[in-house]
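Participant: pasted the sequence and its predicted model underneath.
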Number of protein chains: 2
Amino acid sequence: MATQDANTGGEMGVVIVSNRGPVTFSRNELGEREHSRGAGGLVTALSAVSRRGNDTVWIASAQSEEDERVAKESLDEPYEVEGLKIVLVEHDGEAYDLMYNRLANPLLWFVQHGLYDLPYTPELGDDTKRAWEEGYVPVNENFAEAVARTLQAQEGVEGEPVILVHDYQLYMAPLALRKRLGDGAFISLFVHIPWPEPEGWRVLPSYVREGVLKSLLEADVVAFHTEGYARNFVRTACEVLGVEADEEEGMVRSEEGREVWVRAYPISIDPGEFEELARSDEVLQEEETIQSLPGKLLLRVDRMDLSKNTIRGFHAYERMLERYPETREQVTFLARLQPSRGDIPEYAKYAEAIQKAVEEVNEKHSTDSWQPIVLSMEDNFPLSVAAYKNYDVLLVNAVRDGMNLIAKEAVVANEKNGVLILSENAGAHEELGEHALTINPFDIDEQAEALHKALNMPDEERARRAEALQETIRANTIEEWAEAQLEDIAAYRERRD
Amino acid sequence: MATQDANTGGEMGVVIVSNRGPVTFSRNELGEREHSRGAGGLVTALSAVSRRGNDTVWIASAQSEEDERVAKESLDEPYEVEGLKIVLVEHDGEAYDLMYNRLANPLLWFVQHGLYDLPYTPELGDDTKRAWEEGYVPVNENFAEAVARTLQAQEGVEGEPVILVHDYQLYMAPLALRKRLGDGAFISLFVHIPWPEPEGWRVLPSYVREGVLKSLLEADVVAFHTEGYARNFVRTACEVLGVEADEEEGMVRSEEGREVWVRAYPISIDPGEFEELARSDEVLQEEETIQSLPGKLLLRVDRMDLSKNTIRGFHAYERMLERYPETREQVTFLARLQPSRGDIPEYAKYAEAIQKAVEEVNEKHSTDSWQPIVLSMEDNFPLSVAAYKNYDVLLVNAVRDGMNLIAKEAVVANEKNGVLILSENAGAHEELGEHALTINPFDIDEQAEALHKALNMPDEERARRAEALQETIRANTIEEWAEAQLEDIAAYRERRD
């Protein structure tokens, strides 16, 4: 059964499950169906997996009205678009809202990034329980049901299916899938955000902390972007559930005695995509704007998320300007910040604090010909790529970050031997830290010094570091990321049979 | 050398080092020297150690003007008071302020209890570095100098000395002591607050995070209140310094190859002290006040510290009143809160938030004959002991707490088979959790349910739990705590020789 697919899983009957799908459908003015490609690194990454097998089906939540029509059409058979076979899942609207806006995004995101102000927040209670019982769990069950239905409809695919579940919206899917598909199905769950240490995880109410772990131990593989998160997960499972594990081997034994492998596969990008983008007319046009900024270009590109550490970045920059007055007018800090989750109060407050920090620095230090910080919140990806190409220094100082693909995208697109300043708490640090300037995200003065050092680094050192960063990223592209997982899965299945 | 002191260390030449000493000196109106005993569990605990050997000297910081006179007098020879030999150390005022008010209490306390709002605080910088270099390190050196001087002056004590260093103000003492005393000295450092997980520790700037760990690995034993903190410490040392360790055995190998033992000795109390207090006139008098409160008595006793979780306690109580209206007028929540560190802005803000929470609950739920929460901030230990004797339910819901000795004191003094509600994040939970009602400190509804359950628990179950709590505490008193450490030290020394 397993031998025929021991290479890359080409014939394995692979199902990808993620909350967001690769495309969103809408209707144009003529009433015709149109689709737009989802943005973001995960879509690129999973598309790379999807392209590897003819039988790969991608199952995701319906997000728009037209998506819901496609969902109904894909009940019996996947819908084909852009060479992908997709199945969209309709959820009950309230359940989806509870899952997404009450459980996954505030609670799990905050716990896994360590963003709570613990003396005051969270105040967990019955609304959390309701979001769990009436939102998160049923939406996950609904996904599992769609997977089972899709597999039943797929005739002619031999062997047991491989289900690749993605991210923190779907932690309960492995349990729901195992119930429906039995022991033969191969289930992996990939967590794309940090996994916290056991005490961090214990902030969650007991039914979530134990429920999620028990479900994840119904998977065959639980995967992360870094060795650190994988180790944290093993420890969390041991300490919260009292199960046994081999930390060195990356193996946890579930309460029923199953071996669950815990692995790190650092996600990456498609360098070709960025090379092509970099040459596109849209980007070339935006470069004029970028090149009109005075002085060297210090860049950050982030969603406005509490995990990204935007405010300390501005404070560190200000400290550098104060400590090294000769740097004034010699550098512009372009902050490309994408508004995000504005309906969550913590995010609204954070966005305000960011704008206030920018205003304070600009008010204090601007001159007639120079504005120290340029805040750009326009939704304009070509502008970001134009900035990638031209930065002298890129600041990635996240409080905590699953990977931070911007560090990889920007390095690949950059044409200035730009220096990367990288938080030791970004997942990318395990791969790129050696060639970046490492900073502690909580230490303003260290960041100020790193900024100064980066802006004044000799050309030779800039070139050496930039080249090493490029090489590191190109040695592990999104293709290798997909390949490594599928190879491991084939090996695990062989071992298991 | 070691055999003669293999029993309890009676002749070992023991030096205790702690920031606060057992007594503070002052002058009365007649110009005569007086002294008052320090409050708090640590003084009781270390006094128990001190009483075990004739040669034990206790070295602490001078806190008052009169202390400074005693410091000068104790330069050559320890000062004897209340059967203790003490040496007081004078510090430079500014260095002490930097150590205490800039480094130890905000930074280390916050990091080790996980109290920062990480998207915003701390903003570490040069002031942190200055507090470290010009405050924390020199004060620690000053302590080590005093230890060396004291040992030199102690004639007739055979063998190598044993130095017992205490708590988070003195992390750099082991390194400073080892430099002065060489390999033969036996150095232990006891950490009385939680030790965080490695990523929690990494919030600190690199010179603190590495500096402290390197110093602690110059000790022979590093001790904590719980197995959990000991394990966190081993992991932190491995991950931050890259040293080797045996987590199971509780051994870390320092960069120089020394074996450092990492141990848990849960601190306790002197039950006799509380029995005696409970019978005292002052307490009997205060009991009248306590017994005049209407309904059952729900009690909490805490410093007003961000780690104690006071506000969620009030919110949980309110939720219980709302969910079980029949409990109204049937219970009074007495909150004995001791103002603390009011000059640190975070503490001032927290104290305000506490008072606001109390006002809100009382405004909404009070009746003509009943006030739901009675907030008592008077400095009156007899009143606390009177409350210990009479509570029906004791709430200890700390966000994180090294041990929480109040749980032990109150249980020993209680005469009502009172129920203990205990945070799983209090150190005391490792010993007492089995017989308490365990709560997640972040979950308001769970706490509301626990309060309701505790207030309505059948007498038989109350008695059974109370008895088990008493037995557990009396089986590990402060005498056993001191004994266990000194026995282990004797064994380690023998093994080493």
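Facilitator: Great, that's in hand.
Participant: can I see the domain layout of chain A?
Facilitator: Chain A resolves into domains spanning A:3-268+A:479-496, A:271-475 when parsed by automatic domain parsing.
Participant: comparing those domains, which yields the minimum mean pLDDT?
Facilitator: If you rank those by mean pLDDT, domain A:3-268+A:479-496 sits at the bottom with a mean of 92.
Participant: would TSV of the domains of chain A with mean neighbour count and distance to chain B be doable?
Facilitator: All C-beta atoms are positioned from the backbone trio N, CA, C, and that covers glycine. Shown next, in TSV, are those (neighbours: other CB atoms under 10 Å in any protein chain shown; distance: least, CB to the nearest CB, whole Å):
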stretch	mean neighbour count	distance to chain B
domain A:3-268+A:479-496	19	4
domain A:271-475	19	4
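Participant: which stretch among those domains comes nearest B:R209?
Facilitator: Comparison of the domains of chain A against B:R209 by CB to CB identifies domain A:271-475 as nearest, at 8.7 Å.
Participant: so which strand or helix has A:L432?
Facilitator: Taking DSSP states H and E as the definition, A:L432 sits inside helix A:429-432.
Participant: export that helix as PDB, just CAs?
Facilitator: Output of helix A:429-432 as PDB, limited to C-alpha atoms (Å, rounded to 0.1, in the frame of the first residue of the first chain):
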ATOM      1  CA  HIS A 429      15.900  33.700  13.700                       C
ATOM      2  CA  GLU A 430      16.700  30.000  13.800                       C
ATOM      3  CA  GLU A 431      17.700  30.100  10.100                       C
ATOM      4  CA  LEU A 432      18.700  33.700   9.500                       C
END
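Participant: centroid residue for chain A?
Facilitator: Note on chain A: the residue nearest the mean C-alpha position is A:H192, at 5.0 Å, using CA atoms, centre = their mean.
Participant: I figured it was touching A:Q169, is that so?
Facilitator: No - look at A:H192 against A:Q169 with CB atoms under 8 Å: they stay out of range, at 10.2 Å.
Participant: for B:E430, which of the domains of chain A is the nearest?
Facilitator: Closest among those, using CB to CB: domain A:3-268+A:479-496, at 12.9 Å.
Participant: chain center to that closest one, what's the gap?
Facilitator: With CA atoms, centre = their mean, to the nearest Å as the basis, domain A:3-268+A:479-496 stands 13 Å off its chain's centre.
Participant: cool, and stretch A:474-492?
Facilitator: 18 Å.
Participant: what's the longest helix in chain A?
Facilitator: helix A:345-365 (DSSP state H).
Participant: dump that one to CSV, restricted to CA.
Facilitator: Presented in CSV, the C-alpha positions along helix A:345-365 are these (Å, rounded to 0.1, in the frame of the first residue of the first chain):
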residue,chain,number,x,y,z
PRO,A,345,-10.4,46.5,21.2
GLU,A,346,-6.8,45.6,21.9
TYR,A,347,-5.9,46.2,18.3
ALA,A,348,-7.8,49.5,18.0
LYS,A,349,-5.8,50.7,21.1
TYR,A,350,-2.6,49.5,19.6
ALA,A,351,-3.2,51.2,16.3
GLU,A,352,-3.8,54.4,18.2
ALA,A,353,-0.6,54.0,20.2
ILE,A,354,1.4,53.5,17.0
GLN,A,355,0.1,56.6,15.4
LYS,A,356,0.8,58.6,18.6
ALA,A,357,4.4,57.3,18.7
VAL,A,358,4.9,58.3,15.1
GLU,A,359,3.5,61.8,15.7
GLU,A,360,5.7,62.3,18.7
VAL,A,361,8.9,61.4,17.0
ASN,A,362,8.0,63.4,13.9
GLU,A,363,6.9,66.5,15.9
LYS,A,364,10.1,66.5,17.9
HIS,A,365,12.7,65.8,15.2
